[in-house]
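Give me coordinates for this.
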Amino acid sequence: MQVTGHAQETTATQLISYIFKEVNNLFDTKFVIVLHEDLETLQKLNVTAFLTSGIAGTQSDLIGIVC
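Model (predicted):
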């Protein structure tokens, strides 16, 4: 489906909102990272790892004790 301009932004916002609702219904301790489909596989992995580490770094109980 091709949409442009404001319609595309609304559609993306609605999709993200739907994903969050579905994930929250299944798991209250999970989060979702939404990536653009045009990224290469390595870029998707790098972005996901970077964002996940940033989110985990904000919660000290997620990373464990400092060694």
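
show me what contacts residue 18?
For residue 18, the contact set (Cβ atoms under 8 Å, 6 or more residues apart in numbering) is empty. In this view, the C-beta of every residue, glycine as well, is placed from N, C-alpha and C.

can you tell me the helix or strand for it?
Following DSSP states H and E, one finds residue 18 within helix 5-26.

Beyond that helix, next helix or strand please.
Per DSSP H and E, the first helix or strand lying C-terminal to helix 5-26 is helix 41-57.

Who are the contact partners of the residue lying closest to residue 39 once chain neighbours are set aside?
Closest residue in space to residue 39, ignoring its immediate chain neighbours: residue 47 at 7.0 Å, by Cβ to Cβ, 6 or more residues apart in numbering. Neighbour list for residue 47: 33, 35, 39 [criterion: Cβ under 8 Å, 6+ apart].

Reformat these into a markdown table and put neighbour count and distance to residue 16 next to each item.
Converted to a markdown table, these look like this (neighbours: other Cβ atoms under 10 Å; distance: Cβ to Cβ, whole Å):
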| residue | neighbour count | distance to residue 16 |
| --- | --- | --- |
| 33 | 12 | 10 |
| 35 | 12 | 11 |
| 39 | 13 | 16 |
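
of all the residues you listed, which comes closest to residue 15?
For the contacts of residue 47, the residue nearest residue 15 by Cβ to Cβ is residue 35; the value is 12.3 Å.

The closest one contacts residue 46, correct?
No: applying Cβ atoms under 8 Å as the test, residue 35 and residue 46 come out as separate, 10.4 Å apart.

Touching both of the two, which residues are there?
Residues touching both residue 35 and residue 46 by Cβ under 8 Å, 6+ apart: none at all.

any idea how far residue 49 is from residue 33?
Between residue 33 and residue 49 the computed distance is 10 Å (Cβ to Cβ, to the nearest Å).

nope, residue 16 is what I meant
Distance, residue 16 to residue 49, using Cβ to Cβ: 20 Å.

And residue 36, by the same measure?
For residue 36, the distance to residue 49 equals 16 Å [Cβ to Cβ].
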